[in-house]
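Undergrad: just the structure for this:
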Amino acid sequence: MQSTALVVLVALLNREGDTESAQALLAACNATLGEGRCELQATTEVPEAVRAQVTWLEGELGADIQVLLGDPPLQRTLRFKKEDPRVERWRAVGLIIATLTEVRRTELVESQVLVEGRVEEVPVMPALPESPPAPPASGVIPSTPAPTVASTSWARWWELGAAASPALGGARGQAGAWVGLRQQLGALPVLGVFEAGWGAGLAEPDGVEVRALWVATGLGAFLSRGGWRPRVRAELVGERRSASIDEGGTGAHGSGFRAVVGGRVGAELLSPTWSRLGVLLGAEATVAARTDILVRGEPVAPVPAFRLGLRAGVFLGP
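TA: Here you go, the predicted structure:
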């Protein structure tokens, strides 16, 4: 393998590429690469290019870097401090991509031997430098290299929280809890949404108890950078709303339920993460057909056509 100009295509597996930070990564990579150029994979496709993959960890407090040139791939994991400027973290990643590319290119050139008048490449197990070059960002500590292939999984959030709705349309207010999963779909900032929850009516002096179980699924969108990050969602919601009556000393008892299908839209703000943990605050609106829950043939609890809600919770994120 001769020392020729290479094209290094960088894939940002869980971040957007059209940002100032991504351009800083490319600039650092190009400045460090001996012969060749670095470009984003999303904007360029070169069949003979070297592939590099970057996965940001723990809210950009770490980065896993893979350079897929030769076998096995070269890998580094960088760790940063919270006070390190964001653009310097990205520059450090670009520097490491170029450095690993040069290390592997040198190994491949030196491993060539002349056999019967032709050049053949002899596979070698690469020996990485004991100490990688120090990137420009302060506090960057490279980890022990591991010849693993970068994960292609996308961002995922596991969530748990509480929700409350005020009294509207003759219905009681409601409080409850929910659990949810948000999964990034591909490289775009689009989410698949799944959620399940339970709620109970508030202020029940007349002996009528109202309960609700629901599941929801839909799509959402999010911003992958910044401090408090916004997120929106649109969902299809299925509910089982039930009511029961206990008339005190008379011993009279009855119950009934309604299955309700509707739509829900919501928005949340997600906090910065600490060891992947964060908090979220949000609001939502639900629309469904107006109906009543019947007990012994009598309407005892209305299901309004429009409901508002607030929610707060914690999440485990990327």
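Undergrad: isn't residue 107 up against residue 70?
TA: Yes. Assessed by CB atoms under 8 Å, residue 107 is found in contact with residue 70 at 7.2 Å. C-betas here are computed from N, CA, C, even on glycine.
Undergrad: tell me which residues in the longest helix seen in the chain are buried?
TA: Taking residue count as the measure and DSSP state H as the definition, the longest helix of the chain comes out as helix 86-110. Applying a neighbour-count criterion of 16 or more other CB atoms under 10 Å, the buried positions in helix 86-110 are 86-105, 107-108.
Undergrad: end to end, how far does stretch 76-95 reach?
TA: With CA to CA, to the nearest Å as the measure, stretch 76-95 spans 12 Å from end to end.
Undergrad: ok now it, how far from the chain's centre?
TA: A distance of 19 Å separates the centroid of the chain from that of stretch 76-95, by CA atoms, centre = their mean, to the nearest Å.
Undergrad: repeat that for stretch 276-289.
TA: Going by CA atoms, centre = their mean, the spacing between the C-alpha centre of stretch 276-289 and its chain's C-alpha centre is 16 Å.
Undergrad: ok, now stretch 157-169?
TA: Taking CA atoms, centre = their mean, one finds the center of stretch 157-169 at 22 Å from the center of the full chain.
Undergrad: list the buried residues for that stretch?
TA: Buried residues in stretch 157-169, defined by neighbour count with 16+ other CB under 10 Å: 157, 159, 161, 163, 165.
Undergrad: in a strand, the second one, correct?
TA: Yes. Residue state for residue 159 (DSSP: H, G, I helix; E, B strand; the rest coil) corresponds to a strand.
Undergrad: that one bridge partners, please.
TA: On the basis of DSSP bridges, residue 159 is bridged to residue 180, residue 315.
Undergrad: residue 193 versus that one, what's the distance?
TA: Spatial separation of residue 159 from residue 193 under the definition CB to CB, to the nearest Å is 10 Å.
Undergrad: show me which of the buried residues of stretch 157-169 is closest to residue 274.
TA: For the buried residues of stretch 157-169, the residue nearest residue 274 by CB to CB is residue 157; the value is 14.7 Å.
Undergrad: so who does the closest one touch?
TA: 180-183, 315-318 (CB atoms under 8 Å, 6 or more residues apart in numbering).
Undergrad: returning to that earlier point: between residue 159 and residue 193, which contacts overlap?
TA: Among the neighbours of residue 159, those also in contact with residue 193 (CB under 8 Å, 6+ apart) are 180-182.
Undergrad: restrict these to the buried ones and give me that as a ChimeraX selection.
TA: Provided next is the ChimeraX selection string for whichever of the shared contacts of residue 159 and residue 193 are buried by 16+ other CB under 10 Å:
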select :180,182
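Undergrad: sounds good, over and out.
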